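>>> make a model of this:
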Amino acid sequence: MDMEQSPSEALIAPLRSRRGRQHYFPTITDQDWNDWKWQLRNRVTTLEELAQLMPIPEGELPIRREILRGFRMGISPYYLSLIDADDPDDPIMRQAVPLHDEFIYRNVGEEDPLHEEELSPVPGITHRYPDRVLMVISNSCAMYCRHCTRKRLMAEDSIPDLEIDQMVDYIARTPVIRDVIVSGGDPLTCTTERLEHILQKLRAIPHVEVIRIGSRVPVTMPMRVDDELCRMLEKYHPLWINVHFNHPRECTPEAARACDRLLRAGIPLNNQSVLLRGVNDNVETMRELVHCLMKMRVRPYYLFQCDPIRGAEHLRTPVARGIEIMDKLRGYTSGLAVPTYVIDAPGGGGKIPVGPKYLVSYDVKLGKAVLRNFQGKIYEYHDPPPAGQLVFSDASPNGRGEPEAPKKKSKWVRRKNGTSASAAGSKDEPRGKKRAEPARPS
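Here you go, the predicted model:
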């Protein structure tokens with residue numbers, strides 16, 4: 001193992017991109033490449049820039065230009081280096097590059113399918129659940145996902161300080177809020193100073209117990225996770241970060257290094273994937289993804305059904321596909337690697353877990369559950385009797401209707417001196433031979 005690699009990097013190294021930086025950006029120095037501000041400044045945002053790096057089919061330029069009228073493009077050089085442009089069905093490209101299918105479905109779907117704005121007491125806050133709120137502090141991302149559920153917000157302008165203060169004020173005067181999710185856009189595209197300024201304000205509110213940050217930066221621009229950022233973040237615990245890996249090829253050594261730094265700063269990492277047609281909508285890919293995440297010490301948390309957002313119809317899958325994938329994960333990999341499959345209900349209903357039917361039936365009166373395991377086998381489980389209503393056996397040996405003693409004893413008993421012996425006799429005493437009773441004192 002390379003001594004400069006973390007254990008996580010060494011495990012993920014075989015998944016390095018087939019094309020890579022040397023193909024797309026051969027003249028860029030290490031100093032620039034590893035500078036997150038250079039990565040952010042040099043995102044590919046126009047079709048002309050994209051055409052210089054990868055072929056665009058003839059006649060597609062006008063179509064793709066029309067797509068960008070409705071939703072911008074922005075791809076960090078790092079994330080673009082993961083794309084295999086020779087593969088028209090490349091799963092990384094489908095997430096980052098406007099394609100012909102997006103043009104076809106450009107007017108299908110909703111601008112705000114989750115009704116976040118209807119649940120917004122002040123601009124930038126979504127208060128859907130009783131004890132937690134979502135706080136949008138950025139309109140910018142390192143890479144604009146084609147399936148983004150907040151396309152309506154991606155304008156590249158900075159959120160004004162006045163708006164941030166209004167959000168903080170709402171949280172401060174709403175004592176029921178104990179958990180704040182800081183989101184965007186991507187909060188980690190803010191400068192470290194600006195992000196700290198916001199975290200300081202939130203930590204000054206006594207009833208805010210937990211702060212969570214939602215970010216795709218460890219996936220799309222991992223060099224942003226530098227020592228300065230980690231030193232700042234670890235001052236504001238308890239702090240959690242939800243990341244967004246969708247495909248195993250995103251689990252690169254660079255991404256593993258970014259996650260490792262955050263973990264060493266004491267920040268737990270959960271992953272929120274989105275089920276996307278042609279990206280991860282099969283059992284093999286999803287299983288490989290969750291295994292890669294586990295090796296990076298990132299817990300698979302949610303698998304989201306793709307929201308019915310405008311322009312993403314070609315990326316949505318039937319719910320049945322998600323259920324099938326979950327059915328082939330449960331029992332076939334460790335439980336810790338199995339995310340919860342959820343639909344974020346259109347209309348603002350919140351996250352609703354869905355999945356395979358393991359509870360076949362449950363009779364409350366009989367206290368009997370019929371269960372299906374991962375192999376399709378059927379089992380019964382019986383509830384305990386209600387408290388204070390023990391079941392007695394009339395045929396108990398003592399004749400008093402008391403609970404019978406267990407019929408089986410442990411194979412092993414513990415001697416007073418701490419050594420073990422068989423319940424049927426010690427190793428050097430034949431079975432059935434009665435031990436001599438010690439003489440009793442007179």
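>>> in stretch 37-48, what counts as buried?
Buried positions in stretch 37-48, judged by neighbour count with 16 or more other Cβ atoms under 10 Å: Trp38, Gln39, Leu40, Asn42, Arg43, Val44, Leu47. For the C-beta atoms, the positions are set from N, CA and C on the backbone; glycine is no exception.
>>> same question but for stretch 347-361, I mixed them up
For stretch 347-361, by 16+ other Cβ under 10 Å, it's Gly348, Gly355, Pro356.
>>> how about residues contacting that stretch?
113-116, 118-119, 128-129, 302, 305, 319, 322-323, 326-327, 330, 340-345, 369-373, 378 (Cβ atoms under 8 Å, 6 or more residues apart in numbering).
>>> quick check: phi and psi on Pro62?
Main-chain torsions, Pro62, degrees, to the nearest 10: phi -60, psi -40.
>>> state the distance from it to His314.
19 Å (Cβ to Cβ, to the nearest Å).
>>> likewise Arg150?
19 Å.
>>> before we move on, the earlier item: filter the contacts of stretch 347-361 to the buried ones?
113-116, 119, 128, 302, 305, 322, 326-327, 330, 341-344, 369.
>>> for the buried residues of stretch 347-361, which one is nearest Pro26?
Gly355 (46.3 Å; Cβ to Cβ).
>>> per-residue confidence at the closest one?
Looking at Gly355, its pLDDT reads 93.
>>> state the helix or strand in which it lies.
If you go by DSSP states H and E, Gly355 is not part of any helix or strand.
>>> neighbouring contacts of stretch 365-379?
For stretch 365-379, using Cβ under 8 Å, 6+ apart, the contacting residues are 327, 330-332, 357-363, 380-385.
>>> quick one: end-to-end length of that stretch, please.
18 Å (Cα to Cα, to the nearest Å).
>>> ok, stretch 150-165 next?
22 Å.
>>> about what we covered before: restricted to strands, list the contacts of stretch 365-379.
Mapping those onto strands (DSSP state E) picks out Leu359, Val360, Ser361, Tyr362, Asp363, Glu380, Tyr381, His382.
>>> would you mind giving those as CSV with pLDDT added?
Below are those laid out as CSV (pLDDT from 0 to 100):
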residue, pLDDT
Leu359, 94
Val360, 95
Ser361, 95
Tyr362, 95
Asp363, 95
Glu380, 96
Tyr381, 95
His382, 95
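>>> what about the strands in the stretch 251-400 of the chain?
269-275, 299-305, 340-345, 350-353, 359-363, 368-372, 378-382 (DSSP state E, counting those that start in this stretch).
>>> can you lay out those as CSV showing distance to Thr191?
Listed next are the strands of the stretch 251-400 of the chain as CSV, based on distance: least, Cβ to Cβ, whole Å:
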stretch, distance to Thr191
strand 269-275, 22
strand 299-305, 28
strand 340-345, 30
strand 350-353, 31
strand 359-363, 50
strand 368-372, 52
strand 378-382, 55
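>>> of the ones you listed, which is nearest Val210?
strand 269-275 (12.5 Å).
>>> what does that closest one contact?
So strand 269-275 is contacted by 147, 214, 240-246, 259, 262-263, 280-281, 286, 289, 293, 297-306, 317, 321-322, 325, 339, 341 (Cβ under 8 Å, 6+ apart).
>>> quick one: that strand to chain centroid distance?
3 Å (Cα atoms, centre = their mean, to the nearest Å).
>>> now for Arg297: which residues touch it?
Ser8, Cys259, Asp260, Leu263, Leu269.
>>> just those residues: which has the poorest pLDDT?
Ser8 (50).
>>> which SS state does Thr174 fall under?
Three-state call for Thr174 (DSSP: H, G, I helix; E, B strand; the rest coil): coil.
>>> check the separation of the first and last residues in stretch 364-378.
18 Å.
>>> likewise stretch 57-75?
Span of stretch 57-75 from end to end, Cα to Cα: 19 Å.
>>> in the stretch 151-300 of the chain, where is pLDDT below threshold?
For the stretch 151-300 of the chain, the stretches with pLDDT under 70 are 156.
>>> that one: helices as residue ranges?
161-172, 192-203, 217-220, 227-233, 253-264, 283-295 (DSSP state H, counting those that start in this stretch).
>>> list just the one of those that sits closest to Gly70.
Of these, nearest to Gly70 by Cβ to Cβ is helix 217-220, at 21.1 Å.
>>> who are the packing partners of the closest one?
The helices and strands touching helix 217-220, judged by 3 or more Cβ pairs under 8 Å, 6 or more residues apart in numbering; DSSP states H and E, are helix 77-80, strand 239-243, helix 253-264.
>>> make a markdown table out of those and add distance to Asp89 and mean neighbour count.
A markdown table is the format used below for the helices and strands packed on helix 217-220 (distance: least, Cβ to Cβ, whole Å; neighbours: other Cβ atoms under 10 Å):
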| stretch | distance to Asp89 | mean neighbour count |
| --- | --- | --- |
| helix 77-80 | 17 | 25 |
| strand 239-243 | 25 | 22 |
| helix 253-264 | 22 | 22 |
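>>> would you turn the ones you listed into a markdown table with distance to Glu196?
Listed next are the helices and strands packed on helix 217-220 as a markdown table, based on distance: least, Cβ to Cβ, whole Å:
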| stretch | distance to Glu196 |
| --- | --- |
| helix 77-80 | 24 |
| strand 239-243 | 12 |
| helix 253-264 | 16 |
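>>> distance between stretch 25-33 and the chain's centre?
Per Cα atoms, centre = their mean, the centroid offset for stretch 25-33 relative to its chain is 31 Å.
>>> let's see that stretch as CSV, backbone CA atoms only.
Output in CSV follows, covering the C-alpha atoms of stretch 25-33 (Å, rounded to 0.1, in the frame of the first residue of the first chain):
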residue,chain,number,x,y,z
PHE,A,25,-6.9,18.3,-18.8
PRO,A,26,-3.3,17.1,-19.6
THR,A,27,-1.7,20.6,-19.1
ILE,A,28,-3.2,21.5,-15.7
THR,A,29,-0.7,21.5,-12.9
ASP,A,30,-1.2,19.6,-9.6
GLN,A,31,-1.3,22.9,-7.8
ASP,A,32,-4.3,24.2,-9.9
TRP,A,33,-6.0,20.8,-10.0
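>>> buried ones in that stretch, by neighbour count?
Result for stretch 25-33 [16+ other Cβ under 10 Å]: buried residues Phe25, Ile28, Trp33.
>>> for these, which one is nearest Asp227?
Out of the buried residues of stretch 25-33, the member with the shortest distance to Asp227 (by Cβ to Cβ) is Trp33, at 17.3 Å.
>>> identify the residue spatially nearest to that closest one, adjacent ones excluded.
Leaving aside its sequence neighbours, Trp33 sits nearest to Arg21 (Cβ to Cβ, 6 or more residues apart in numbering; 6.6 Å).
>>> verify the stated contact: that neighbour with Leu80.
No. Counting by Cβ atoms under 8 Å, Arg21 sits too far from Leu80 to count as a contact (9.4 Å).
>>> which one of Pro62 and His314 is surrounded by more residues?
His314 (19 against 9; other Cβ atoms under 10 Å).
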